[in-house]
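# Dropping the sequence and predicted coords here.
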Amino acid sequence: VSRSGNVATDLNNFAPRFGFAYTPWTNNKTVLRGGFGIFYDLQANQNDTELAYNPTGLFFSQSVNYPASTPGIRLSQGLPTPTYPTVESPSGRTSAAYFNNRTTYIEEWNLNVERQVAKDTILQVAYVGTHALKLSFLSNQNQPVQPLDSNFSDSTGNLGRPYFGTVPNVGPIRTESRQYNSITHGLQVRFEKRLSAGWTMLNAYTWQHTIGQTEENEYLEPQNTHDLAAERGDNGPDYRHQFTSAWSYELPFGPGKRLFTGRGPQHWVTQGWQVNGIIGMYSGAAFTPLLSFDPTNTGSGAPRPDIIGNPSDFSNAVSAGCPSNHQSLQCWYNPAAFAIPALVPGQTFAHVFGDAHRGTLRGPAAYNVDFSLFKDFPLKERANLQFRAEFFNLFNTPAFALPANAVDALGAGSISSAGPSRQIQLALKLTF
């Protein structure tokens with residue numbers, strides 16, 4: 001065993017960075033910027049692949065169950081001696097990690113043009129790209145290679161697994177691998193009015209598309225561990241369109257302003273008002289259609305259906321249990337657009353893997369407005385009392401959750417929850 005425990009050391013983690021800025025004209029109103037960089041990341045260890053959880057490791061549990069009517073043990077006699085798996089005969093679920101896992105890294109690049117279009121106002125248009133490589137994911141390396149009726153049919157329950165010939169009593173082998181990747185292309189447009197005349201504003205629009213094999217906080221195994229190319233699809237949430245607008249405006253009331261300029265007692269009422277707002281709009285998030293059971297008889301961690309129609313066409317939705325042939329919260333997509341995959345030729349109940357891709361479906365769009373009203377009360381030269389009224393989700397617009405994605409189950413396509421309703425917060429802030 002080597003000093004590194006035979007784990008291959010990744011020695012080529014070279015992380016160059018490059019950037020430039022160029023002003024093409026003498027009026028200095030236009031700037032061209034760009035850059036490229038490689039960034040390395042130590043992804044969080046998948047704790048359920050820790051080797052200590054293996055059958056011969058530090059942790060072990062064994063259940064003892066007897067009917068209440070005929071107890072089989074007495075506390076005075078103690079619990080029965082557990083039967084531990086051994087190195088020579090391991091059994092049960094195990095964990096593994098490759099010796100040659102590479103370090104996850106991300107390539108990022110951008111090119112943008114920024115132009116001053118008026119006093120204190122700029123417009124920026126940018127192309128942004130991100131390429132993530134060697135992404136971590138979990139898979140069952142002991143998943144049967146082919147869907148067959150005979151899988152798991154012997155006394156061990158492991159017939160058909162790739163390692164059945166050497167360790168017949170070992171079930172799933174939960175493995176951490178670094179073979180996934182993703183790529184994102186995006187258009188970003190930013191319009192900014194910097195603070196002047198008492199108001200400021202920042203608007204931003206993004207169009208982006210992310211394609212890959214895994215997403216942030218991915219918990220699903222591949223449908224087929226032995227065909228990782230089939231996992232490529234739209235990476236959730238993959239909000240294709242995003243728009244945000246943030247603004248702040250000091251009302252022109254009070255001394256030094258355009259209206260109600262008197263300095264008498266009235267200035268306590270008229271001066272120091274400020275309104276603020278944030279608007280956010282997002283197109284629907286991508287999510288993946290799944291099946292509620294594994295028709296392949298391979299122990300698939302995320303079995304998918306076949307796609308046989310357009311999930312957004314509701315002309316035959318009633319036939320799939322929807323209340324009408326129209327989109328609704330009960331049927332956000334048409335379950336009739338999916339089907340159980342066909343039987344494997346020559347088999348009686350083992351089906352082929354589904355052809356629906358990851359990220360095939362889209363959830364509801366989201367729209368939200370936050371608003372706040374501030375009022376300053378100057379107390380002394382260095383003291384100020386501020387009253388704040390803040391309204392989150394001002395118009396009480398529901399932010400619906402993603403629909404149920406088990407397309408063959410009762411309630412397929414239904415939405416049963418939403419984000420927080422309107423919240424109002426009142427506060428006093430004293431600064432001195």
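Everything's here; your move. Worth saying up front: this structure is predicted, and the values here are computed from it rather than measured. Residues are numbered from 1 along each chain as shown.

# Could you list the residues in contact with stretch 411-420?
Stretch 411-420 has contacts (C-beta atoms under 8 Å, 6 or more residues apart in numbering) with 320-322, 329-335, 364, 392-393, 398-407. Placement of C-beta: from N, CA and C, glycine included.

# avg pLDDT for the biggest strand by length in the chain?
Looking across the chain with DSSP state E, the single longest strand is strand 170-196. Mean per-residue pLDDT for strand 170-196: 93.

# before we move on, what about stretch 270-278?
On average, stretch 270-278 scores 92.

# Kindly state the beta-bridge partners for Asp370.
Ile278 (DSSP bridges).

# That one against Phe395, yeah?
No - Asp370 lies out of contact with Phe395 (C-beta atoms under 8 Å); the separation is 10.3 Å.

# Now do the same contact list for Gln77.
Contacts of Gln77 by C-beta under 8 Å, 6+ apart: none found.

# Quick check: which helices or strands does the helix or strand just after the longest strand of the chain pack against?
Tracing the chain C-terminally past strand 170-196 and defining elements by DSSP states H and E, one meets strand 199-212 next. The helices and strands touching strand 199-212, judged by 3 or more C-beta pairs under 8 Å, 6 or more residues apart in numbering; DSSP states H and E, are strand 121-140, strand 170-196, strand 233-234, strand 241-250.

# Deepest-packed of the ones you listed, please.
Ranked by mean neighbour count, these are led by strand 233-234 with a mean of 21 (mean count of other C-beta atoms under 10 Å).

# which residues are in contact with it?
Contact with strand 233-234 is made by His209, Thr210, Ile211, Gly212, Gln213, Ala286, Thr288, His357, Arg358, Gly359, Thr360, as judged by C-beta under 8 Å, 6+ apart.

# Look up the closest residue to the first one, ignoring the ones flanking it.
Counting by C-beta to C-beta, 6 or more residues apart in numbering, His185 is the residue found nearest to His209 once chain neighbours are left out, at 5.8 Å.

# Please report the distance of the one you found from Trp207.
Distance of His185 to Trp207, given as C-beta to C-beta, to the nearest Å: 9 Å.

# circling back: now, the contacts of stretch 411-420 that are in strands?
Phe392.

# sorry, back to before: mind checking which of Asp370 and Phe395 has more residues around it?
More crowded of Asp370 and Phe395, by other C-beta atoms under 10 Å: Asp370, with 16 against 10.

# how far away is the more buried one from Pro237?
20 Å.

# and if you look at Ser2?
42 Å.

# ok, now Pro311?
In this structure, Pro311 and Pro237 are 17 Å apart, going by C-beta to C-beta.

# What of Asn203?
Distance from Asn203 to Pro237, by C-beta to C-beta: 22 Å.

# Kindly report the same for Thr206.
Thr206 sits 13 Å away from Pro237, going by C-beta to C-beta.

# Then Leu187?
In terms of C-beta to C-beta, Leu187 sits 18 Å off from Pro237.

# Show me the shaky parts of this protein.
For the chain, applying pLDDT under 70 flags the ranges 1, 43-53, 55-62, 216-218, 262-264.

# Tell me where it has helices.
267-270 (DSSP state H).

# quick one: Cys160 from Pro144, how far?
Quick fix: residue 160 reads Gly, not Cys. 4 Å.

# got it, and Asp313?
Distance from Asp313 to Pro144, by C-beta to C-beta: 36 Å.

# out of the two, which sits in the more crowded spot?
Neighbours were counted for Asp313 and for Pro144 using other C-beta under 10 Å; Pro144 has more, 25 against 14.

# my guess is that one contacts Ser300, does it?
No - with contact defined as C-beta under 8 Å, Pro144 does not reach Ser300; the gap is 9.4 Å.

# where do the contact lists of the two overlap?
The overlap between the contact sets of Pro144 and Ser300 (C-beta under 8 Å, 6+ apart) is empty.

# follow-up on the earlier one: elements contacting the longest strand of the chain?
Looks like strand 170-196 contacts strand 92-97, strand 121-140, strand 199-212 (3+ C-beta pairs under 8 Å, 6+ apart).

# So what are the sheet partners of that strand and their directions?
Assessed with DSSP bridges, strand 170-196 is paired to strand 92-97 (parallel), strand 121-140 (antiparallel), strand 199-212 (antiparallel).

# Same list (those) but as JSON lines, adding distance to Gly277.
Putting those into JSON lines (distance: least, C-beta to C-beta, whole Å) gives the following:
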{"stretch": "strand 92-97", "distance to Gly277": "49"}
{"stretch": "strand 121-140", "distance to Gly277": "19"}
{"stretch": "strand 199-212", "distance to Gly277": "10"}
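
# Distance of Ser69 relative to Ala427?
Distance from Ser69 to Ala427, by C-beta to C-beta: 63 Å.

# Looking at those two, which one has more neighbours?
Ranked by neighbour count (other C-beta under 10 Å), Ser69 and Ala427 place Ala427 first, with 11 against 5.

# For that one, which residues are in contact?
Contacts of Ala427 (C-beta under 8 Å, 6+ apart): Phe387, Arg388, Glu390.

# just Glu221 next, same as before
Leu138, Ser139, Asn140, Ser300, Gly301, Ala302.

# Nearest residue to it in space, please, no chain neighbours.
In space, Glu221 is closest to Gly301, 2.7 Å off (C-beta to C-beta, 6+ apart).

# Surely that neighbour touches Glu231?
No - counting by C-beta under 8 Å, Gly301 does not reach Glu231; the two are 11.1 Å apart.

# shared neighbours of the two, anything?
Pro222, Gln223.

# Who has more neighbours out of those two?
Glu231 (23 against 19).

# OK, contacts around that one?
Counting by C-beta under 8 Å, 6+ apart, the residues that Glu231 touches are Tyr180, Gln213, Thr214, Pro222, Gln223, Arg358.

# ok, Ile307 - how many residues close by?
18.

# So what's the residue count around the residue nearest to it when sequence neighbours are not counted?
Distances taken as C-beta to C-beta, 6+ apart place Ala356 nearest to Ile307, at 4.5 Å, with adjacent residues excluded. Using other C-beta under 10 Å, Ala356 is surrounded by 25 other residues.

# before we move on, what about Pro403?
For Pro403, using other C-beta under 10 Å, the count is 24.

# shouldn't it be in contact with Gly363?
Yes - if you go by C-beta under 8 Å, Pro403 and Gly363 touch, sitting 6.5 Å apart.

# shared neighbours of the two, which are they?
Joint contacts of Pro403 and Gly363 (C-beta under 8 Å, 6+ apart) are Phe287, Trp332.

# list residues touching both of Gly160 and Pro144?
Shared contacts of Gly160 and Pro144, defined by C-beta under 8 Å, 6+ apart, comprise Asn151, Phe152, Thr298.

# quick one: contacts for the nearest residue to Asn140 once chain neighbours are set aside?
The spatial neighbour of Asn140 that comes closest, neighbours along the chain excluded (C-beta to C-beta, 6+ apart), is Pro172 at 4.5 Å. By C-beta under 8 Å, 6+ apart, the contact set of Pro172 is Arg93, Thr94, Asn140, Asn142, Gln143, Gly299.
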